[in-house]
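Chemist: Here you go, sequence then predicted model.
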Amino acid sequence: MKQSGGLVIVLKVKLNKIIKNVVVDFAIIFTVLLITFGLFISLNNLPASELFGSKKWLLLVFSSLFFSLLDTSYRYWQQKKRQEKILLLSEKLRAIIAGEKPQHLLLAPSDPYFELAQSINQVQSLQRDIFKHYLTQQRGYFSLIEYLTIGVMVLDQDQKIYLSNHAMSDLMGREMNLKGHLYADELRNYDLSHLIETTFQTKKDQHTELKLEFNAKIVDAHSVFVPVSQHHFLVMVLLYDLTELKEIEQMQLDFVSNVSHELKTPITAITGFSETLLNGAMNDQVALPQFLKIIQQESLKLTALVEDILSLARISTNTTLKLKKIRLQTYLAEVLQSFQPEIKKKEIQVHNKVPADFIVDSDDHKLRHVINNLLQNAIKYNDVGGEVWISCQQTSQNWQLIVRDNGWGIPQDQQERVFERFFRIENSRSRQTGGTGLGLAVVKEYVAAMKGKIKVTSQVGVGSEFTIILPLVGFGKREDSREKV
């Protein structure tokens with residue numbers, strides 16, 4: 001009812017306006033025509049009855065009424081067309097503001113709104129270019145955040161998640177890119193939640209190092225206050241995973257501690273026995289050779305330890321491979337020559353099962369160090385009269401060197417740890433043989449430098465077998481009849 005009443009009022013107003021326009025136009029046109037006829041009569045000396053004395057004035061009235069109606073209709077039609085164009089321009093501006101993509105307005109150059117339409121079209125083109133540039137920047141920004149290795153989460157001023165990247169989800173152990181969710185409902189770490197809450201309360205950046213209990217990761221956490229405008233702000237949470245760095249630091253500390261301990265033992269023995277000799281024991285013909293032998297043994301241990309430590313340092317600084325062709329059977333025979341005193345002393349039988357025509361492309365220095373250590377262990381941790389077998393084989397992807405002995409063997413629970421630095425097998429006979437505990441660690445590093453792997457299988461009282469697996473590409477191949485080494 002209210003709408004129909006309003007429509008009636010609008011129609012009445014428009015009708016009154018039309019009637020008013022018709023009356024005004026009628027008055028103007030009638031006056032003009034009356035003056036025109038009056039001039040025409042006076043100029044032609046005609047009596048006034050020609051106009052007022054006859055019914056010609058009716059013609060004048062009807063003519064005035066007709067022309068007034070025609071003029072009012074034409075003006076109303078023009079006004080309606082102008083209103084339609086204004087409405088069209090307004091609709092286009094509203095569409096541009098709303099982010100829609102309306103078609104360009106095409107008006108004739110003679111149209112009074114042509115310049116305005118052209119300006120609106122230019123605004124639309126500029127707005128489209130700006131929006132494309134914004135989308136490009138936004139995609140780049142989001143892509144950059146998504147592929148950062150640092151965990152990133154952005155919160156709005158209502159403490160809701162605005163965005164979060166993949167690294168943050170990995171650190172949290174669950175999906176965190178939950179736009180519109182309260183961060184407090186998704187985070188499962190009190191220290192991190194407290195850090196973020198402090199930022200919201202103080203509007204200042206916060207920083208701390210904390211541990212995530214559910215995955216034991218250590219992270220460097222930053223909570224950054226980002227003002228956007230006078231009344232709006234964001235909070236950006238940055239998590240940098242320090243777990244690997246902390247592990248490396250701990251490994252370095254453990255290494256230094258172990259090296260210090262290992263160095264201290266022979267140095268203490270050498271110092272103690274040398275002081276004892278200087279204090280008069282050198283005149284004791286029974287103690288003198290015993291003490292000198294101990295000093296010599298401890299000196300050899302100290303030398304071996306230093307050499308192993310230097311080997312580890314060289315591996316980390318020199319990772320390049322200097323490949324050369326090596327006839328493996330002849331190469332092993334040369335290496336075994338340096339172990340002849342130990343072999344004869346313990347009456348060890350060494351069986352070189354490598355074929356005479358087996359040739360490899362390998363790094364001489366690294367391969368020699370690996371073979372030296374494996375043979376030394378096979379002889380050292382073996383009984384008198386024991387045996388050692390050296391063999392090799394080739395597959396479609398790699399070649400393998402196997403060193404097997406029938407010595408003391410390694411307990412099952414310690415086989416995975418024999419390649420750790422400073423690890424020694426826990427049995428009385430192994431402790432009596434000495435050793436630095438770095439030999440197999442150095443071997444593993446050298447094998448890794450040659451892009452290979454090493455594995456061990458062993459049984460206490462039966463023996464051990466170490467297998468070196470190296471890639472075949474550019475390395476091992478059989479000799480043909482024309483190849484010379």
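Modeler: Received it, and whenever you're ready, just let me know what you need. Computed from a predicted model, the values in this text were never measured in an experiment.
Chemist: could you pull out the strands for the stretch 51-200 of the chain?
Modeler: For the stretch 51-200 of the chain, the strands identified by DSSP state E, counting those that start in this stretch occupy 151-156, 161-164, in order along the chain.
Chemist: longest strand of the protein?
Modeler: Of all segments of type strand in the chain, defined using DSSP state E, the longest is strand 217-227.
Chemist: now the helix or strand following that one, how far from the centre of its chain.
Modeler: Toward the C-terminus, strand 217-227 is succeeded by strand 233-241 as the next helix or strand (DSSP states H and E). Here the centre of strand 233-241 is set off from its chain's centre by 15 Å, with C-alpha atoms, centre = their mean, to the nearest Å.
Chemist: how about strand 233-241: buried residues?
Modeler: Under the neighbour-count criterion of 16 or more other C-beta atoms under 10 Å, strand 233-241 has 233, 235-241 buried. In this view, the C-beta of every residue, glycine as well, is placed from N, C-alpha and C.
Chemist: go on, stretch 158-175?
Modeler: Within stretch 158-175, the residues that qualify as buried are 161-172, counting by 16+ other C-beta under 10 Å.
Chemist: Can you measure across that stretch, start residue to end residue?
Modeler: Stretch 158-175 has an end-to-end distance of 20 Å (C-alpha to C-alpha, to the nearest Å).
Chemist: which residues touch it?
Modeler: When contacts are taken as C-beta atoms under 8 Å, 6 or more residues apart in numbering, the neighbours of stretch 158-175 outside the stretch itself are 142, 145-156, 176-184, 186-188, 200, 212, 214-215, 217, 219, 234, 237, 239, 241.
Chemist: among those residues, which ones are buried?
Modeler: 145, 150-156, 176, 178, 183, 186-187, 200, 212, 217, 219, 237, 239, 241.
Chemist: Residue 453 is nearest to which of the strands of the stretch 51-200 of the chain?
Modeler: Go through the strands of the stretch 51-200 of the chain one by one with C-beta to C-beta and the one that ends up closest to residue 453 is strand 151-156, at 33.1 Å.
Chemist: Let me see the contact set for residue 95.
Modeler: With contact set as C-beta under 8 Å, 6+ apart, residue 95 has these partners: 101-102.
Chemist: repeat that with 10 Å
Modeler: 101-103, 124 (C-beta atoms under 10 Å, 6 or more residues apart in numbering).
Chemist: same question, residue 109
Modeler: Contacts of residue 109 by C-beta under 10 Å, 6+ apart are 115, 118.
Chemist: That one and residue 88, how far apart?
Modeler: If you measure residue 109 against residue 88 using C-beta to C-beta, to the nearest Å, the figure is 17 Å.
Chemist: just checking, residue 391 touches residue 354?
Modeler: Yes. Applying C-beta atoms under 10 Å as the test, residue 391 and residue 354 come out as touching, 6.4 Å apart.
Chemist: Show me which of the two is the more surrounded one.
Modeler: In this comparison of residue 391 against residue 354, neighbours counted by other C-beta atoms under 10 Å, the higher total goes to residue 354 at 21 against 17.
Chemist: tell me the domain boundaries of this protein?
Modeler: Taking automatic domain parsing as the reference, the chain has its domains at 2-97, 147-241, 246-316, 320-478.
Chemist: Quickly, which of these bottoms out on average pLDDT?
Modeler: Least confident of the domains of the chain, judged by mean pLDDT, is domain 2-97 with a mean of 71.
Chemist: the helices in this protein, which residues?
Modeler: 2-43, 56-97, 114-146, 166-172, 183-186, 190-202, 243-278, 287-317, 328-337, 340-346, 364-380, 428-432, 439-449 (DSSP state H).
Chemist: Please tell me how far the shortest one is from the chain's geometric centre.
Modeler: Between the centre of helix 183-186 and the centre of its host chain there is 23 Å, according to C-alpha atoms, centre = their mean.
Chemist: helices and strands around that helix, which ones?
Modeler: Packing contacts for helix 183-186, counted by 3 or more C-beta pairs under 10 Å, 6 or more residues apart in numbering; DSSP states H and E, involve strand 151-156, strand 161-164, helix 190-202.
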